[in-house]
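S.K.: Here's a sequence, model it:
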Amino acid sequence: MKDKNPDRKTAVEEKNAEKNSKARDPKQQQEPATPAGQAAPQELAVPAAPSGTRERRFRQTDLPARVIERRKHPRISMEQPLPPAPPCLDDYVSIIGQPELDEIRFLARRLRGKTVKMVNSTAVGGGVAEILNRLIPLMNELEVPTRWDVITGGNDFYEVTKGFHNALHGGEYNLTQQIKDIFMSYSEQTRQRMEFTEDLFIIHDPQPVGLVHSKSQERGKWIWRCHMDLSNAHQGVWDFLKPMIEQYDAAVFSAPAFACQLPIPQYLFYPSIDPLSEKNRELPEEYINKVCDDFGIDRSRPVITQISRFDRLKDPVGVIEAYKLVKKYVDCQLVLAGGGATDDPEGAVVLQEVIEAAGDDPDVIILNLPPWSALEINALQRASTVIVQKSLKEGFGLTVTEGLWKEKPVVAGAVGGIPMQIIHKLTGVLVHSVEGCAYQIRYLLTHPEFATQLGKNGKEHAKENFLITVNLKRWLVLFQILLGMAKPNATI
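M.R.: Sure thing, here's the model as predicted:
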C-alpha cells in the first residue's frame, strides 16, 4: 500500500540520513556578428579524461547490444559549431509581452552611450558565462555599449581560486602568505593588461575582485557581483578579500541570505536563463529522440538526470547512491551529464570518482560533454522524467531554473539560492539527504499527476522571476541609481 503522506516519510528518512553543427541543430544555424565592444568568447578544449581511466565494463543485461555500445561510446560532437546569432529584443515579445519590452527600452533610453565593462574568470562553462553570453548582446542592442573581458592565470592561480571558492562556501582552507601572493600577483598582471575607461564596471565573483585597485576617483562606478553563498564563509579568506570588496561602490547578491556586513550598498539580483538560447528553446521531438539514441537512453523507461559540472559540491556520487535506492523499487535510468570549466582544476578527478561509483551498472550513463553541447543538454532535460540537482553547496543553481522552464519536476538540495526557485511541493521538491532525494524521486515516478503539476507551477515561477529580460531590467535600474539618474530607493 502506497504512503499517502510523503511529508511524514521524508522527514523520517532525512532524520535517519542526518544520522548517517546542422547535424546537431534541428534548425539552420547562422554565424553571428560580434556585438560592438564585446570580447569574443574564448574556445575551451573538451575536458580530458583522467589519466589511466579505463573503459567502463557493464555487466551482462537484457539491454540491446546497440544500447550498451552507445553507453560505452556515446556519440559526442567533438567539433565546435558556429553559434547562432543572438536573439533580438523583439524576439521576446511572445514570451514576456510588448508592455514589458517597452519598459526595458524606456529604462535604457537615459543610459545610451554609457559604457560598461563586465569581467569574470571564464568565457565558457558555468552559469556566469552563460548569463553574460546572452546579456551583453541585449545591452549593446539598447545602445549601452558593453564589453566582456576574461581574466587569465596559470594553474597555480586557478588552484588558489578554486580553494577560495570552496572556502567561501564553508570549507576548510589553509590560507598562507604564498597563496595571497599568488592571487595578488595575477590580479596585478591582469590590471596591467586591461584598460579601465568605461563608466561602469561589473566584476563577477572573487577571482577578479582585485581589479578594483584600478578604480579612479574621477571616472567609473564599480559593482561587485557575487554569485556565491557567503553565509558561512571561511573567516580567513573573507578577511583577505573584504578590504578589496569594500572599495566597490555597490555589491549585488543572488539571495538575501548570501549578503554580508559591508559598508557599501547591497542589492538583490536573481541570476537568469535565456528562454531563447540553445539550452532552453523549444526542440523538435525528432531531435530529442536522436540525442537519446546517440547516448543510449531508452525513452520508454523513466530517466533521472542531473546536469552539472563534475564538482564535489554538486554531489554526483550522492546522486548515484540515491538512484540505487530508487532502482530497488522503480525501474529507471540515471544520466549524469556535465563537463568542466577553465577555472575548475578538480573536474577530471571528480569525474573519475563518479565512474568508480557507477561501477558496472549499465543504467548509469555518464556523459563528459564539451562546452558547445547546449542543444544536447536541452534535449536531455526535455527527455527526462525527473531532473535532479543534489547540490551540497550552491550559488543559485541555474540548472534548476532550466528544469523549471522545461516544465519538469525538479528534486534539489535545499542549499544556496535553490529554495528561492523551489517552493517545496509547489514548484519542485527540496531535499537534505541521499535518502530524502531517493524517496522524493521514487514518489514522483509513481505519482505522475503530481509530477506534472509541479512542472507547470515551476515554469510559471521561472517565467516571472528568472528570465534574462528581468535581469536586464534590474541592471538598467541599478546603473541609473549609481550614475545619479534615479533615486537609491528605487525597487530593483
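S.K.: From now on I want contacts and neighbour counts done on CA atoms only, so please keep to that.
M.R.: Noted.
S.K.: mind checking how far residue 416 is from residue 232?
M.R.: Residue 416 sits at a distance of 11 Å from residue 232 (criterion: CA to CA, to the nearest Å).
S.K.: These two: who's more crowded?
M.R.: More crowded of residue 416 and residue 232, by other CA atoms under 10 Å: residue 416, with 24 against 15.
S.K.: and this structure, what are its domains?
M.R.: Split into domains by automatic domain parsing, the chain comes to 6-15+46-75+280-465, 97-272+467-482.
S.K.: Would you map the strands across the stretch 251-400 of the chain?
M.R.: Counting by DSSP state E, counting those that start in this stretch, the stretch 251-400 of the chain has strands at residues 266-268, 303-307, 333-338, 364-368, 386-389.
S.K.: want to throw those into JSON lines with distance to residue 396, mean pLDDT and mean neighbour count?
M.R.: Below are these laid out as JSON lines (distance: least, CA to CA, whole Å; pLDDT from 0 to 100; neighbours: other CA atoms under 10 Å):
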{"stretch": "strand 266-268", "distance to residue 396": "12", "mean pLDDT": "94", "mean neighbour count": "18"}
{"stretch": "strand 303-307", "distance to residue 396": "14", "mean pLDDT": "98", "mean neighbour count": "25"}
{"stretch": "strand 333-338", "distance to residue 396": "17", "mean pLDDT": "96", "mean neighbour count": "23"}
{"stretch": "strand 364-368", "distance to residue 396": "22", "mean pLDDT": "95", "mean neighbour count": "21"}
{"stretch": "strand 386-389", "distance to residue 396": "11", "mean pLDDT": "98", "mean neighbour count": "27"}
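S.K.: and residue 66, which of those strands is closest to it?
M.R.: Judged by CA to CA, the one of the strands of the stretch 251-400 of the chain that comes nearest to residue 66 is strand 364-368, at 14.2 Å.
S.K.: Just checking the distance from the closest one to the centre of its chain.
M.R.: The chain centroid and the centroid of strand 364-368 are separated by 19 Å under CA atoms, centre = their mean, to the nearest Å.
S.K.: Residues in contact with that strand: which ones?
M.R.: By CA atoms under 8 Å, 6 or more residues apart in numbering, the surrounding residues in contact with strand 364-368 are 47, 71, 74, 295, 320, 333-339, 355, 358.
S.K.: Keeping just the C-alphas, turn it into CSV.
M.R.: Output of strand 364-368 as CSV, limited to C-alpha atoms (Å, rounded to 0.1, in the frame of the first residue of the first chain):
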residue,chain,number,x,y,z
VAL,A,364,24.1,4.8,-15.2
ILE,A,365,25.0,6.9,-18.2
ILE,A,366,27.9,9.3,-17.7
LEU,A,367,28.5,12.0,-20.3
ASN,A,368,31.6,14.2,-20.2
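S.K.: For that strand, which strands pair with it and how are they oriented?
M.R.: Sheet pairing for strand 364-368, assigned by DSSP bridges, gives strand 333-338 (parallel).
S.K.: how far does the partner strand sit from the chain's center?
M.R.: Centre to centre, stretch against its chain (CA atoms, centre = their mean), the figure for strand 333-338 is 16 Å.
S.K.: which stretch in the domains of the chain has the least confidence?
M.R.: In terms of average pLDDT, domain 6-15+46-75+280-465 trails the rest of the domains of the chain, at a mean of 89.
S.K.: and the helix or strand hosting residue 222, C-alpha only, in CSV?
M.R.: Using DSSP states H and E, residue 222 sits in strand 221-225. What follows is strand 221-225, C-alpha atoms only, in CSV (Å, rounded to 0.1, in the frame of the first residue of the first chain):
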residue,chain,number,x,y,z
LYS,A,221,31.3,53.2,-10.8
TRP,A,222,32.4,49.7,-9.6
ILE,A,223,30.0,46.9,-8.8
TRP,A,224,31.0,43.5,-7.3
ARG,A,225,28.5,40.9,-8.5
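S.K.: so what secondary structure elements neighbour it?
M.R.: Judged by 3 or more CA pairs under 8 Å, 6 or more residues apart in numbering; DSSP states H and E, the packing partners of strand 221-225 are strand 200-204, strand 250-253.
S.K.: elements contacting the host helix or strand of residue 243?
M.R.: Element membership for residue 243 (DSSP H and E) is helix 235-245. Packed against helix 235-245 by the contact rule (3+ CA pairs under 8 Å, 6+ apart) you find helix 155-168.
S.K.: Return the distance of residue 438 relative to residue 90.
M.R.: In terms of CA to CA, residue 438 sits 43 Å off from residue 90.
S.K.: Could you do residue 380 as well?
M.R.: According to CA to CA, residue 380 stands 28 Å off from residue 90.
S.K.: Which one's more surrounded, those two?
M.R.: residue 380 (24 against 11).
S.K.: need the contact list for the more buried one.
M.R.: Residue 380 is in contact with 288, 291-292, 305, counting by CA under 8 Å, 6+ apart.
S.K.: Which residues are in contact with the most centrally placed residue in the chain?
M.R.: Closest residue to the average C-alpha location of the chain: residue 127 at 3.5 Å, with CA atoms, centre = their mean. When contacts are counted by CA under 8 Å, 6+ apart, residue 127 touches residue 398.
S.K.: Now it. Its backbone dihedrals?
M.R.: phi -70, psi -30 (degrees, to the nearest 10).
S.K.: Look up how far residue 333 lies from it.
M.R.: 26 Å.
S.K.: do the same with residue 278
M.R.: For residue 278, the distance to residue 333 equals 25 Å [CA to CA].
S.K.: Residue 237 too?
M.R.: As defined by CA to CA, residue 237 lies at a distance of 41 Å from residue 333.
S.K.: Likewise for residue 227?
M.R.: 32 Å.
S.K.: and what of residue 254?
M.R.: Relative to residue 333, residue 254 is positioned 33 Å away (CA to CA).
S.K.: likewise residue 109?
M.R.: Applying CA to CA, the value for residue 109 to residue 333 is 51 Å.
S.K.: Need the CA coordinates for stretch 57-74. PDB is fine.
M.R.: The C-alpha trace of stretch 57-74 is given here as PDB (Å, rounded to 0.1, in the frame of the first residue of the first chain):
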ATOM      1  CA  ARG A  57      32.700  -2.500 -18.100                       C
ATOM      2  CA  PHE A  58      29.000  -3.100 -18.000                       C
ATOM      3  CA  ARG A  59      27.600  -6.300 -16.500                       C
ATOM      4  CA  GLN A  60      25.500  -8.600 -18.700                       C
ATOM      5  CA  THR A  61      21.900  -7.400 -19.100                       C
ATOM      6  CA  ASP A  62      18.900  -7.800 -21.300                       C
ATOM      7  CA  LEU A  63      19.600  -4.400 -22.900                       C
ATOM      8  CA  PRO A  64      20.000  -4.500 -26.700                       C
ATOM      9  CA  ALA A  65      23.700  -4.700 -27.800                       C
ATOM     10  CA  ARG A  66      23.400  -1.300 -29.600                       C
ATOM     11  CA  VAL A  67      22.200   0.400 -26.500                       C
ATOM     12  CA  ILE A  68      25.200  -0.900 -24.500                       C
ATOM     13  CA  GLU A  69      27.500   0.100 -27.300                       C
ATOM     14  CA  ARG A  70      26.100   3.700 -27.200                       C
ATOM     15  CA  ARG A  71      26.500   3.900 -23.500                       C
ATOM     16  CA  LYS A  72      30.100   2.700 -23.800                       C
ATOM     17  CA  HIS A  73      30.800   5.000 -26.700                       C
ATOM     18  CA  PRO A  74      28.200   7.800 -26.900                       C
END
